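Trainee: Pasting the sequence and the predicted coordinates here, then a few questions.
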Amino acid sequence: MARIVTCATVLFLALIAARADAQSPKLDAPLSYSSKLLTGRSQVIVRPLDASVDLLIQLAGGTLGRPLPSVNGRVANVPNTALATLAGNALVQKVALDRKTIGLNERTGVTVGATAVRNALGYDGSGVGVAIIDSGITQWHDDLTDPGVTGSQRVAQFVDFVNGQTVPYDDYGHGTHVAGIVAGNGFDSSGARAGIAPGARLVVLKALDSSGTGRVSDVIAALDYVVNHKGQFNIRVVNLSVATAVYESYTSDLLAQATRQAVEHGIVVVAAAGNRGRSSGHPQYGGITAPGNAPWVVTVGASSHMGTTDRADDVMAAFSSRGPTRIDYAAKPDLVAPGVGIESLSDPGSTLYSNYSAYLLGGTVPTSYPPYLSLSGTSMASPVVTGTVALMLQANPSLTPNAVKAILQYTAQIYAGYDWLTEGAGFLNAAGAVQLARFFSQGGEYPTDPMWSRQIIWANHRVQGGRLAPNVNAWAPTLVWGSDTVDGGPVVWGDLWSTASSAWTTWSTSCSDAICSSASWNGESANVVWGLQCGGSDCASTVWWTNGDHTVVWGTNGDETVVWGTNGDETVVWGTSYDETVVWGTSCGQDCQPVIWNH
């Protein structure tokens, strides 16, 4: 016993001797501040995980928490006055603040800039109707309450195309989760897990059953409902986190054509790109699902915010489908948004609630069940963009679907290391999108930001160098994105600075055919699908080359499309059956496993 006391005394003296190191590099930035405080305590993680370090913590007045073997550390609660002393000891390698877990929709909102839009500009989607075509919606969730009408939800209408019920329900749980990403107000989490546009009103159309499957006809019927009731509910954007296999061109596919009708009526259609970005552990191209293969749809791939609000560490989600599209060989996705470990609303009577019970999360107020659930997939990324569109339309109700897509792409951020068929025009920047949308309405000084891509992808071509302008013919509701004008005249996006004349000129293109497979581009452009293989135009053959060492050959074998070989690292995959079932967008096995960050 005497020996133990002696050792403790030696450790204590060593601890005191190190007190002078008040600015130890072993303390992270938040703790460097806390170490100067004369009161209070901080919960920290101390490395290494060692019995002697445990004793140091206790001698410093700290209490021990759980061990963290994976990071070789120990959770501890330490007086702020002891932080510098602890960090100054030679036995200690690092002392880091054990940061509080932040709700991931708050992370998502901060990462894409939607939170800044709400806080600085006051836009929350109010007055904008958002249609959700999915598996339904829970009958009640605190996060969907209407502050203006006590005891009511912000669900303006519910229509069941599966079972014909009239009272809202969601036996699968996917639609409720999607709805929360768009418009949850974060009531059960003190605002932490609020959606992107918490003031928007929802029109929920159930087209998927309790297993998350349905028929294309139900989705088309739901789209018809959206068009027919646009005026009644001011529906300006529809979210489709559902998908089906591509087995014909978007020019003849009925689901694609139904989405076109919505777009021509001024409704922005946002769809998930699909989760076919990997096969047998390798990246694969050509996995875009329908209706995301249609050019008039805003097709959204998935990125990961890595559990932080810092955009610098964002990466692509491995499961996110890459372009080009099957049959039409069109460039997709249009852009990407966070879709990994997204925490949103749960429905206690749903299939996902039961099957993913390990990923249920509590809130900050007492509830009878865990009100949140973490899911991953492009199904989660799509409503992040849908919510952003609601903010844009609140800022500028006159925007057309083409203008919305152009602004989303122009203000997106390009990340190095990804090609255009992986990240599209870039990673969503909601703050920039709303800023430029407002400029289209109010004018003033042209907004810009170094992170903006300042480009759009028009008919497989990445065009850049100009400035988007309002009231140009490219934004006409009847002009198909990426196509030629009806009269054959130039498609105009805005203006372009001419160094030769030191003046602004027209930023435009003149197409040689209806789909702009060959065109004269006024400004910088590059074919993101075919490269330079056919002189910069779209190739007519069934062979597609990627840049570098990757060669991919497309072809068919009888009635079914087959996968051809590559260099071994990447493959192209197409569906091999005429699948009639509509599947929800996160059904991609382990690649889309939900994540609970810092939990």
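Mentor: Okay, I see it.

Trainee: Every contact and neighbour count from this point should use C-alpha atoms.
Mentor: Fine.

Trainee: Burial check on residue 251, number of neighbours?
Mentor: Residues near residue 251, counting by other CA atoms under 10 Å, number 12.

Trainee: now swap in residue 498 and tell me
Mentor: Neighbours of residue 498 under the rule other CA under 10 Å: 14.

Trainee: Excluding covalently adjacent residues, which one is nearest to it?
Mentor: residue 504 (5.9 Å; CA to CA, 6 or more residues apart in numbering).

Trainee: quick one: the residue sitting nearest the centre point of the chain from residue 424, how far?
Mentor: By CA atoms, centre = their mean, the chain has its centre lying nearest to residue 337, at 2.4 Å. Separation of residue 337 from residue 424 (CA to CA, to the nearest Å) stands at 11 Å.

Trainee: on that earlier part again, what confidence value was assigned to the residue nearest to the centre of the chain?
Mentor: At residue 337, the model reports a pLDDT of 95.

Trainee: Shouldn't residue 55 be within a helix?
Mentor: Yes. Assessed with DSSP: H, G, I helix; E, B strand; the rest coil, residue 55 lies in a helix.

Trainee: mind listing the helices for the stretch 401-550 of the chain?
Mentor: 401-411, 420-423, 430-442 (DSSP state H, counting those that start in this stretch).

Trainee: can you list those helices in JSON lines and add mean pLDDT, distance to residue 193 and mean neighbour count?
Mentor: Shown next, in JSON lines, are the helices of the stretch 401-550 of the chain (pLDDT from 0 to 100; distance: least, CA to CA, whole Å; neighbours: other CA atoms under 10 Å):
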{"stretch": "helix 401-411", "mean pLDDT": "97", "distance to residue 193": "23", "mean neighbour count": "27"}
{"stretch": "helix 420-423", "mean pLDDT": "92", "distance to residue 193": "26", "mean neighbour count": "27"}
{"stretch": "helix 430-442", "mean pLDDT": "95", "distance to residue 193": "17", "mean neighbour count": "23"}
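
Trainee: Show me the one of those helices that comes nearest residue 127.
Mentor: Closest to residue 127 of the helices of the stretch 401-550 of the chain is helix 430-442 (CA to CA; 15.6 Å).

Trainee: Now do that closest one and helix 401-411, the angle between them.
Mentor: Counting by axes from the mean of the first three to the mean of the last three CA atoms, to 10 degrees, helix 430-442 points 130 degrees away from the direction of helix 401-411.

Trainee: Tell me how far helix 430-442 lies from the chain's centre.
Mentor: Mean C-alpha position of helix 430-442 versus that of the full chain (CA atoms, centre = their mean, to the nearest Å) differs by 19 Å.

Trainee: now stretch 263-279
Mentor: 12 Å.

Trainee: That one: which residues count as buried?
Mentor: Neighbour counts using 16 or more other CA atoms under 10 Å place 263-278 of stretch 263-279 among the buried residues.

Trainee: and which of these is nearest to residue 53?
Mentor: Nearest member of the buried residues of stretch 263-279 to residue 53, counting by CA to CA, is residue 278, at 43.8 Å.

Trainee: Quick check, that closest one in contact with residue 319.
Mentor: Yes. Here residue 278 reaches residue 319: they are 5.6 Å apart, a contact under CA atoms under 8 Å.

Trainee: farthest pair in the buried residues of stretch 263-279?
Mentor: 265 and 278 (35.8 Å).

Trainee: which other residues reach stretch 319-326?
Mentor: 246-247, 249, 273-278, 284-289, 293, 301-303, 329-333, 377-378, 421-423, 529, 574, 588, 591-592 (CA atoms under 8 Å, 6 or more residues apart in numbering).

Trainee: CA-only coordinates of that stretch, as CSV, when you get a sec.
Mentor: The C-alpha trace of stretch 319-326 is given here as CSV (Å, rounded to 0.1, in the frame of the first residue of the first chain):
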residue,chain,number,x,y,z
PHE,A,319,-22.6,3.7,-53.7
SER,A,320,-23.7,6.7,-55.6
SER,A,321,-24.6,5.9,-59.2
ARG,A,322,-22.4,7.2,-62.0
GLY,A,323,-23.4,8.2,-65.5
PRO,A,324,-23.7,8.0,-68.4
THR,A,325,-27.3,6.8,-68.7
ARG,A,326,-28.1,3.5,-70.3
